[in-house]
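1. Build me a model from this:
(one chain, ligands or ions: 1)
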Amino acid sequence: MLRKKIIIGNWKMNKPPSKAKILTKALSFAVPEDREVVICPPFVSLDVVKKMLKGRKIKLGAQNMYFEESGAYTGEISALMLSEMGVSHVLVGHSERRAIFHETNKEINKKLKIALEYKFTPVFCVGESLEEREGHMTEKVIERQLREGLDGLKKSDVLKMVIAYEPVWAIGSGQTATAKQAVEVHKHIRAFLSRLYDKELSEEIRIIYGGSVKPDNVDELMSKPDIDGVLPGGASLDAAKFTRIVGFKAK
Ligand code: PGA
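-> The predicted model follows:
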């Protein structure tokens, strides 16, 4: 089963439209045939980036989305709105959403469902904190995030997603998980999904790694068969670094 590699740049709360323009312009690389590239600017910059990506293969993603379609939800953005913006991917359950905005597995489950209804590719983020890792809770925490996040979803739905393993302790910290640590968890996620659904799903679904991905560690990460892509944050704000990450060379 060929799982197409995917590189997703998460700009987080950076790059207002004026700066987003400059960064998008600097992403002058051609997307290699064997990989998919997505960038996730903040909501207010989606429009300008979308216009600039016209005719190019780089896809547009959103960093978050609310699970109701419209109504009195001051400050929120719906799937309907994002579909009009030309978004194809949406990050769901990023650890910053979970930690800072107290997003629960139940809300994440609702978001995944609405994202699928709108035919987005949900990028479902899971990962353990440092405390959880040190307490040997990694597997348990991730299993719970997966079980509750995927509650009520059919195999055919789950196959449309990308799972992102993002250890919280590695995000923005400069401390990348070693390729070995990442592979261990990716393998565990596959084994767990095989139990939750079946072996076929576990072999077909893409599982990507995020957490201080940089030009100097991407080749090693991408040389592991269990790692189907990367989700850089900080490094995606630098055109040269992101270009190098997109052009990774598996060792
Ligand atoms: P980082 O962020 O690459 O800056 O660690 C990754 C992420 O949070 O998606």
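2. Wait, a strand at V123?
-> Yes - assessed by DSSP: H, G, I helix; E, B strand; the rest coil, V123 belongs to a strand.
3. residues near it, how many?
-> When counting by other Cβ atoms under 10 Å, one arrives at 29 neighbours for V123. Every C-beta, even on glycine, is put in place using the N, C-alpha and C of the backbone.
4. Next to the ligand, which bits of this structure? Give me the list.
-> 10, 166, 171-172, 210-213, 231-235 (Cβ under 6 Å from any ligand atom).
5. Is it possible to get JSON lines of the residues you listed that adds distance to R56 and secondary structure?
-> Formatted as JSON lines, the residues of the chain next to the ligand follow (distance: Cβ to Cβ, whole Å; DSSP: H, G, I helix; E, B strand; the rest coil):
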{"residue": "N10", "distance to R56": "19", "secondary structure": "strand"}
{"residue": "E166", "distance to R56": "26", "secondary structure": "coil"}
{"residue": "I171", "distance to R56": "28", "secondary structure": "coil"}
{"residue": "G172", "distance to R56": "28", "secondary structure": "coil"}
{"residue": "G210", "distance to R56": "23", "secondary structure": "coil"}
{"residue": "G211", "distance to R56": "27", "secondary structure": "coil"}
{"residue": "S212", "distance to R56": "27", "secondary structure": "coil"}
{"residue": "V213", "distance to R56": "22", "secondary structure": "coil"}
{"residue": "L231", "distance to R56": "20", "secondary structure": "coil"}
{"residue": "P232", "distance to R56": "19", "secondary structure": "coil"}
{"residue": "G233", "distance to R56": "22", "secondary structure": "coil"}
{"residue": "G234", "distance to R56": "23", "secondary structure": "helix"}
{"residue": "A235", "distance to R56": "20", "secondary structure": "helix"}
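6. What about the residues you listed, which one has the most neighbours?
-> Within the residues of the chain next to the ligand, V213 tops the neighbour count with 30 neighbours, counted by other Cβ under 10 Å.
7. I'd guessed it sits against P232; true?
-> Yes - the criterion here is Cβ atoms under 8 Å, and V213 meets it with P232 at 4.1 Å.
8. what's the overlap in contacts for the two?
-> Jointly contacting V213 and P232 under the rule Cβ atoms under 8 Å, 6 or more residues apart in numbering are I245.
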